[in-house]
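**Student:** Please find the sequence and the predicted model below.
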Amino acid sequence: MKKHFLLIGFIAMASAVFAQKSKLTITVKGFENNKGKAFIGIFDTKEKQLKGLVETIVNQQVTTSFSDLASGKYIVKVFHDINENNKLDTGMFGIPKEPWGVSNNIRPTMSAPKPEDMIVEVKADRSITINVK
């Protein structure tokens, strides 16, 4: 009986040690020009930022990846920092003045996107495309 528990314990430990990490490749299109930078963030389903990158725009697009993601559900948000002030410029009522996009290309007209509409599930290596407007 002790051997079975030891074997089960060893298998559980080995599974945790060798847990598969996945790569999420993100292509962002729709930039009107190559000026400024693209800010790309990975968030949990409660919209807490987990990771972020700032990328140079080339040929009016960006392709980048996050290669160490555990299997799970994530939200991706992008904005084009045209004036390079390291923030998303907003106007009245918090409406963005700079182009932005989110996973699943959700663009509600009268509100911010709902988290549940932006979720992408990562179980293995995956690629998504986000369009900024």
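**Tutor:** In hand now; what should we look at? A quick note: this is a predicted structure, and the numbers were derived from the prediction, not measured.

**Student:** going forward, measure contacts between C-alpha atoms and count neighbours the same way
**Tutor:** OK.

**Student:** Going along the chain, name the strands of the protein.
**Tutor:** Listed in chain order, the strands of the chain (DSSP state E) span 21-29, 37-43, 49-56, 61-70, 72-81, 100-102, 119-122, 126-131.

**Student:** Tell me, how many residues neighbour residue 100?
**Tutor:** Residue 100 has 24 neighbours, counted by other CA atoms under 10 Å.

**Student:** Correction: the previous question concerned residue 93.
**Tutor:** The tally of other residues near residue 93 (other CA under 10 Å) stands at 6.

**Student:** which residues touch it?
**Tutor:** Residues in contact with residue 93 (CA atoms under 8 Å, 6 or more residues apart in numbering): none are found.

**Student:** and the gap between it and residue 33?
**Tutor:** 26 Å (CA to CA, to the nearest Å).

**Student:** just residue 115 next, same as before
**Tutor:** If you go by CA to CA, the gap between residue 115 and residue 33 works out to 29 Å.

**Student:** Between those two, point out the one with more neighbours.
**Tutor:** Set residue 115 next to residue 33 and count neighbours by other CA under 10 Å: residue 115 wins out with 17 against 13.

**Student:** pretty sure that one is touching residue 76, no?
**Tutor:** No - checked against CA atoms under 8 Å, the pair residue 115 and residue 76 is beyond contact range at 10.1 Å.

**Student:** most centrally placed residue in the protein?
**Tutor:** residue 76 (2.8 Å; CA atoms, centre = their mean).

**Student:** is it true that it touches residue 106?
**Tutor:** No - Residue 76 is not in contact with residue 106 according to CA under 8 Å; the separation is 11.1 Å.

**Student:** Find residues that contact each of those two.
**Tutor:** residue 118.

**Student:** The nearest residue to residue 115 once chain neighbours are set aside: neighbour count?
**Tutor:** In this structure, residue 115 finds its nearest non-sequential neighbour in residue 45, 6.3 Å apart by CA to CA, 6 or more residues apart in numbering. Counted with other CA under 10 Å, residues neighbouring residue 45 total 17.
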